[in-house]
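> this one's sequence-less:
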């Protein structure tokens, strides 16, 4: 059964004007429909990849927030500074730290929270 409807539309993919025979037609041809489908699938894949990348990037920080004792490297990561700057803050006494050995310096999580509350 054919339709007697003729509606002027603009293709959502190529933006050319065409005559549609139904009220739900979005594309001027099958080729434009296929290209739009591929573009939509490609965009979904890119979006999925970007969200997975963000999860991987944020995972170490979430794990650090759960720890009670932190190393200097972990403090630098949380503060967004270099390890040298973290050591400088410890040397100045702004961060209370404990040297367990020559290469093992630990800071209590609550100390870092106190410092952040003072700065806010």
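Nice, thanks for sending it over. As the structure is a prediction and not an experimental result, all values here were calculated from the model.

> show me what stretch 113-120 is in contact with.
94-95 (CB atoms under 8 Å, 6 or more residues apart in numbering). The way it works is simple: take the backbone N, C-alpha and C, and place the C-beta from them, glycine included.

> err, stretch 7-19, not the other one
Here stretch 7-19 makes contact (CB under 8 Å, 6+ apart) with 6, 20-21, 23, 25-29, 32-33, 35-36, 39.

> one more: stretch 39-49?
Contacts for stretch 39-49 (CB under 8 Å, 6+ apart): residue 13.

> re earlier: just the buried ones from the contacts of stretch 7-19, in ChimeraX syntax?
Typed into ChimeraX, the line below selects the buried ones among the contacts of stretch 7-19, using 16 or more other CB atoms under 10 Å:
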select :20,25,27,28,32,33,36
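
> select from the contacts of stretch 7-19 every entry located in strands.
Among the contacts of stretch 7-19, the members found in strands (DSSP state E) are residue 20.

> now residue 75. Nearest residue, chain neighbours left out?
Excluding its sequence neighbours, the residue lying closest to residue 75 (CB to CB, 6 or more residues apart in numbering) is residue 86, at 4.8 Å.

> the one you found belongs to a helix, doesn't it?
Yes: under DSSP: H, G, I helix; E, B strand; the rest coil, residue 86 sits within a helix.

> point to the residue nearest the middle of the chain.
Centre of the chain computed as the mean C-alpha position; nearest residue by CA atoms, centre = their mean is residue 54, 3.5 Å away.

> now do the longest helix seen in the chain: distance to the chain's middle.
Looking across the chain with DSSP state H, the single longest helix is helix 30-66. Mean-position distance between helix 30-66 and its chain equals 9 Å (CA atoms, centre = their mean, to the nearest Å).

> follow-up on the earlier one: format the contacts of stretch 7-19 as CSV; extra columns: distance to residue 71.
Below are the contacts of stretch 7-19 laid out as CSV (distance: CB to CB, whole Å):
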residue, distance to residue 71
6, 72
20, 65
21, 69
23, 65
25, 62
26, 56
27, 57
28, 61
29, 61
32, 57
33, 56
35, 52
36, 51
39, 46
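
> which one of the contacts of stretch 7-19 is nearest residue 90?
Nearest to residue 90 among the contacts of stretch 7-19, counting by CB to CB, is residue 39 at 52.7 Å.
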